[in-house]
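Enquirer: Sequence and predicted structure below; questions after.
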Amino acid sequence: MSGVTESGVTESGGVGSGSLGRRFGWLWAAYSVSTFGTRLAFDAFPLIAVVVLDAGTARVAALAAAGLAVGALVAVPLGPWVEFRRKRPVMVAMDLVRCVVLLSVPLAYAFDRLGFAQLLIVSVVVAAADITFRAAAGACLKALVRPRDLLTANGRFEATAWTATMLGPPVGGAAVGVFGPVVTVAVDAVSYLLSALEIRAIGGGEPCPRRADVPRLRAGDLLDGWRYVLAAPGLRPLFLNTVMVNGLIMATTPLLAVLMLGDLGFAPWQYGLAFAVPCAGGLVGSRLARTLVARFGQHRVLVTSGVLRVCWPVGLAFVGPGTSGLVLVMVVEFGLITSIGVFNPVYATRRLDLTPTDRVARTLSAWTVSGKLATAGLTAVWGLLAGLTGTRAAVALAGVLLLATPLLLPRQEQVSGRALVEPASDR
């Protein structure tokens, strides 16, 4: 969910602390329960496709890529639509949509009616609903949290995400082994229902945003989020940097699975351990973020952690067999995730700082859609590249390209002066 008139951290480093209030507590609880549900069901659809439907590699890859890409495209018109709606009802609706479509999977499985097409449709709907929820949640967070507490709130979300990432997949894997392949999907569905109830419990009034220019959504409005991001000097480099970094990191994830589980002969539990244990670094980083910003200032922490997070992945190209290889992966991942744990809450705060309240939903929607499409595209490209050059060479190339991405990080002069930077066409 994831500078300074309406948010919390000034360039001099001032941050808030202490309680963020009961209403934020309900929002955090909703985020926590749905995040743990999602991590518990990590890789559930590929597992069901393989175990239940006997799908081959091509169909499993298509399920992952198509769900991500088509879901992102479906969500494109929803960002501008969300902007002019009350955010909490939208969040509740998206939670309920995800709950219903996910419940259709164990229901169809129980009656022996589950098919590949259903899994594909469900993955698309869930992806689109997730993007829409995130867009509304960012605007909701900015309205609920006091300006000086925004970084603290984003730090709590980040810590929750890494805790869920560390604990969810091992627990989910054990649950699948005991109860069957669709149990975690059912638990994920229930988590969205609980999230909807907790968002309803936030309470308090929420005014309906008013559209100042025209009464209805126009076709040109679909690109508003991208127009604003690319025209804002403080947002454009941050947008390009995060999309490229996240895309390149995620593109190598399937390749590392092939390298470690296939070529190097690691057992599945060793592979899971190698990526679960370093998630503790995310907790460390998210706890450090506010302290570092208070001492060194937001911009310096953003740039330094942004550089550090891309120095690690190239080391994964040198992983070997045995204990030493496992330790190398853990060390690299711990460094990477700790740096990300610092960077993410600072970057999420900066993004909200530089986005006017009436543009948050469109901006976050465009940002998330771009990230998902870039990840899907780069994953496909790196899969082909690995077939031509070898898995290890493809992982190394991604690591080398990541070393160039700090050139896209914003410079100090791009974020100094006015906190909310609006393009000339909107003034």
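Expert: Structure received.
Enquirer: Leaving out chain neighbours, which residue sits closest to G315?
Expert: With Cβ to Cβ, 6 or more residues apart in numbering as the criterion, G315 has its nearest non-adjacent residue at 4.3 Å, and that residue is V332. Placement of C-beta: from N, CA and C, glycine included.
Enquirer: Contacts only, for the one you found.
Expert: Neighbouring residues of V332 by Cβ atoms under 8 Å, 6 or more residues apart in numbering: W312, P313, G315, L316.
Enquirer: top of these by neighbour count?
Expert: P313 (25 neighbours; other Cβ atoms under 10 Å).
Enquirer: I'd say that one and L402 touch.
Expert: Yes. Counting by Cβ atoms under 8 Å, P313 does reach L402; the two are 5.5 Å apart.
Enquirer: shared neighbours, the two?
Expert: L248, I249.
Enquirer: Give me the number of neighbouring residues for the nearest residue to K142 once chain neighbours are set aside.
Expert: Closest residue in space to K142, ignoring its immediate chain neighbours: L352 at 5.3 Å, by Cβ to Cβ, 6+ apart. Neighbour count for L352, taken as other Cβ under 10 Å: 29.
Enquirer: Now L352: which helix or strand?
Expert: Element membership for L352, per DSSP states H and E: helix 322-353.
Enquirer: and what of V307?
Expert: Going by DSSP H and E, V307 is in helix 298-308.
Enquirer: Ok, F275 next?
Expert: Using DSSP H and E, the element containing F275 is helix 268-276.
Enquirer: Figure out how far that helix is from the centre of its chain.
Expert: Offset of helix 268-276 from its chain centre (Cα atoms, centre = their mean, to the nearest Å): 21 Å.
Enquirer: just stretch 367-378 next, same as before
Expert: With Cα atoms, centre = their mean, you get 11 Å for stretch 367-378.
Enquirer: Where does pLDDT dip in the stretch 101-250 of the chain?
Expert: Residue ranges of the stretch 101-250 of the chain with pLDDT under 70: 207, 210-221.
Enquirer: quick one, helices of it?
Expert: Secondary structure of the stretch 101-250 of the chain (DSSP state H, counting those that start in this stretch): helices at 116-144, 150-179, 183-200, 224-231, 236-251.
Enquirer: Now do the same contact list for L235.
Expert: L235 neighbours (Cβ under 8 Å, 6+ apart): Y228, V229, R351, L354, T355, T363, V421.
Enquirer: Looking at these, state which has the most neighbours.
Expert: Greatest neighbour count in the contacts of L235, by other Cβ under 10 Å, goes to T355: 29 neighbours.
Enquirer: follow-up on the earlier one: what's the following helix or strand after the helix holding F275?
Expert: From helix 268-276, the next helix or strand downstream (DSSP H and E) is helix 280-296.
Enquirer: hang on, the earlier thing: the residue nearest to K142 touches L150, doesn't it?
Expert: Yes. With contact defined as Cβ under 8 Å, L352 and L150 form a contacting pair (6.3 Å).
Enquirer: Nearest to K372, out of the helices of the stretch 101-250 of the chain?
Expert: Closest to K372 of these, according to Cβ to Cβ: helix 116-144, at 7.0 Å.
Enquirer: quick check: angle from the closest one to helix 224-231?
Expert: 60 degrees (axes from the mean of the first three to the mean of the last three Cα atoms, to 10 degrees).
Enquirer: buried ones in helix 116-144?
Expert: 116, 118-120, 122-144 (16 or more other Cβ atoms under 10 Å).
Enquirer: cool, stretch 257-266 as well?
Expert: For stretch 257-266, by 16+ other Cβ under 10 Å, it's A257, L259, M260, L264, F266.
Enquirer: Just to be careful, could you list which of those are in helices?
Expert: Of the buried residues of stretch 257-266, the ones assigned to helices by DSSP state H are A257.
Enquirer: of the buried residues of stretch 257-266, closest to V185?
Expert: The closest of the buried residues of stretch 257-266, once distances to V185 are taken by Cβ to Cβ, is A257, at 21.0 Å.
Enquirer: Show residues contacting the helix or strand harbouring M94.
Expert: If you go by DSSP H and E, M94 is part of helix 87-110. With Cβ under 8 Å, 6+ apart as the test, helix 87-110 has contacts from 30, 34, 48, 52, 82, 114-115, 118-119, 121-122, 125-126, 129-130, 132-133, 136-137, 139-140, 143, 181-183, 185-186, 188-190, 192-193, 195-196, 199-200, 202, 206, 361.
Enquirer: let's see it at 6 Å
Expert: With contact meaning Cβ atoms under 6 Å, 6 or more residues apart in numbering, helix 87-110 is reached by 82, 114, 122, 125-126, 129, 132-133, 136-137, 139-140, 182, 185-186, 188-189, 192-193, 195-196, 199, 206.
Enquirer: Quick check: buried residues in it?
Expert: Those would be 87-88, 90-95, 97-99, 101-106, 108-109, for helix 87-110 by 16+ other Cβ under 10 Å.
Enquirer: okay, it in PDB with CA atoms only?
Expert: The C-alpha coordinates for helix 87-110 follow below in PDB (Å, rounded to 0.1, in the frame of the first residue of the first chain):
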ATOM      1  CA  LYS A  87     -12.200   4.500  -1.500                       C
ATOM      2  CA  ARG A  88     -13.200   2.200   1.300                       C
ATOM      3  CA  PRO A  89     -16.400   0.800  -0.500                       C
ATOM      4  CA  VAL A  90     -14.100   0.100  -3.500                       C
ATOM      5  CA  MET A  91     -11.700  -1.800  -1.200                       C
ATOM      6  CA  VAL A  92     -14.500  -3.800   0.300                       C
ATOM      7  CA  ALA A  93     -15.900  -4.600  -3.100                       C
ATOM      8  CA  MET A  94     -12.500  -5.800  -4.400                       C
ATOM      9  CA  ASP A  95     -11.900  -7.900  -1.300                       C
ATOM     10  CA  LEU A  96     -15.300  -9.600  -1.800                       C
ATOM     11  CA  VAL A  97     -14.700 -10.100  -5.500                       C
ATOM     12  CA  ARG A  98     -11.400 -11.900  -4.700                       C
ATOM     13  CA  CYS A  99     -13.100 -13.900  -2.000                       C
ATOM     14  CA  VAL A 100     -15.900 -15.200  -4.300                       C
ATOM     15  CA  VAL A 101     -13.700 -16.000  -7.300                       C
ATOM     16  CA  LEU A 102     -11.100 -17.800  -5.200                       C
ATOM     17  CA  LEU A 103     -13.800 -19.800  -3.400                       C
ATOM     18  CA  SER A 104     -15.000 -21.100  -6.800                       C
ATOM     19  CA  VAL A 105     -11.700 -23.100  -7.100                       C
ATOM     20  CA  PRO A 106     -12.200 -25.400  -4.100                       C
ATOM     21  CA  LEU A 107     -15.900 -25.600  -4.900                       C
ATOM     22  CA  ALA A 108     -15.200 -26.800  -8.400                       C
ATOM     23  CA  TYR A 109     -12.500 -29.100  -7.100                       C
ATOM     24  CA  ALA A 110     -14.900 -30.700  -4.700                       C
END
